[in-house]
Each structure stands twice: as structure tokens, then as C-alpha cells.
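Enquirer: 3D, please:
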Amino acid sequence: MNPQGDFSRDTRHLQILLVLIVLVGVVALFIRSKMIPLSYGQLGAYRAEALNEIAAHPSKLQSDATCLQCHEDVQEERADSPHVAVHCMHCHGIGENHVAQARSAAKSQELVVSPAEEWDGDFATMIDLFITEDRATCLACHQKVVGMPDTFRKINVKEHLEEQEADDVGSANVCFECHSGHSPGL
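Expert: Sure, this is the predicted structure:
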């Protein structure tokens, strides 16, 4: 009996396994090299091309400048108002469809821009553009809460409405008895 031959015969299955592992590794590296984009890793652990792809998507959010192209009167109202820093979409929604309709209507006199809808009272609403003469929108920013900076204009609702002798303190549009949304007159 040849001890060398026995060892070779006994380890043959291990040699085959080792060759298969190496082949699988080489095939995996080849497939990986074909699947990873060329720009991966150039700017960190993501595809550098992704930035351009994302930038090419049209924005769903409208800037105030977009809104004020047509609503110049609102720009004048807000000029000296503390609400000049509040973006249109905070109180009126995204307005994506509204702006698209307005741009189409500018090209064709036959098209009509749909008016804003009444707000449904839900801050996560799916309404594209809405009118918010509702105290809930005002109080989302101005209700006195713990942690709000001292410099921010805030009110205790009950006291404020009693001081102002509001007609109907439970009314949704009670704030608009004295204030305008664009220029609250503070």
C-alpha cells in the first residue's frame, strides 16, 4: 500500500470542492463586475449618476415664486407681513395640478384653471390646492405650546378669543373675523 496514493484518493473530494468554490467565486466576481454601475463609489457608497437622475425628475413642490407669478396681489399683501416667511404650500397644499393647469391655460385660452377646494381639515390631505380659512391652520403654528421660542407669536386660544370678543368662539373660521391669512395685521 502506498500511503501517498491513499492520501490523494482520500482528499480528491476536497480538491474537487476547492475547485468548485474557486469557480463559483470567479463567476460571482464576474457577475458582480457586470452588475455594479461604473459610477458606483465615485462620490461615496452610491451611484454618482443617481444625482443627475434625481435632478431630472420634475419637482412636485411649488416655490412661492411659481405661485406669485399669477397671484401678484398676494405678494403685495404679504410684503410687510410676518407671514412673508410662510410658504404658500404650508397653508394651501402642493398645487402641482393647479400649476400644471395654469401653465396649460396660459398657452390656450380655451382651458380653465380649477379653483381651489375647501380644506377637508386633514393636515395629510390629498387635495392638490385648497383654501384654509380654518382656525386649525392658524393654531398649527400659533397655539401656545411648551417649548415654543419666546419670540414666536403665540396665543392662548381661549383668552385671545375672549379678549377679542369673538362672535362664535367655536367657529372654524373665527380667526378670520379679525385677521387675514396673508397679512394678519399684527
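Enquirer: Next, count neighbours for the closest residue to residue 131 other than its chain neighbours.
Expert: Closest residue to residue 131 apart from its sequence neighbours, by C-beta to C-beta, 6 or more residues apart in numbering: residue 116 at 4.8 Å. Every residue, glycine included, has its C-beta placed from N, CA and C. Neighbour count for residue 116, taken as other C-beta atoms under 10 Å: 16.
Enquirer: show me the residues around residue 116 that make contact.
Expert: Residues in contact with residue 116 (C-beta atoms under 8 Å, 6 or more residues apart in numbering) are 92, 98, 129, 130, 131.
Enquirer: Residue 78 now?
Expert: 84, 182, 183.
Enquirer: Nearest to residue 122 among those?
Expert: Nearest to residue 122 among the contacts of residue 78: residue 182, at 22.4 Å, using C-beta to C-beta.
Enquirer: can you give me the helices for the protein?
Expert: Assigned by DSSP state H, the chain shows helices spanning 3-35, 49-56, 64-68, 72-78, 88-92, 96-107, 135-142, 157-163.
Enquirer: So which of those helices has the densest surroundings on average?
Expert: helix 88-92 (a mean of 19; mean count of other C-beta atoms under 10 Å).
Enquirer: Just the ones of the contacts of residue 78 in strands?
Expert: Assigned to strands by DSSP state E, none of the contacts of residue 78 qualify.
Enquirer: Looking at those residues, spot the one nearest residue 135.
Expert: residue 182 (16.1 Å).
Enquirer: which outside residues touch stretch 162-174?
Expert: Defining contact as C-beta under 8 Å, 6+ apart, one finds that stretch 162-174 is touched by 133, 134, 135, 136, 158, 161, 177, 178.
Enquirer: again with stretch 93-104
Expert: Contacts of stretch 93-104 (C-beta under 8 Å, 6+ apart): 60-62, 66-67, 70, 88-89, 111-114, 116, 125, 127-130.
Enquirer: The same query, at a cut-off of 7 Å, please.
Expert: 60-62, 66-67, 70, 89, 111, 113-114, 125, 127-130 (C-beta atoms under 7 Å, 6 or more residues apart in numbering).
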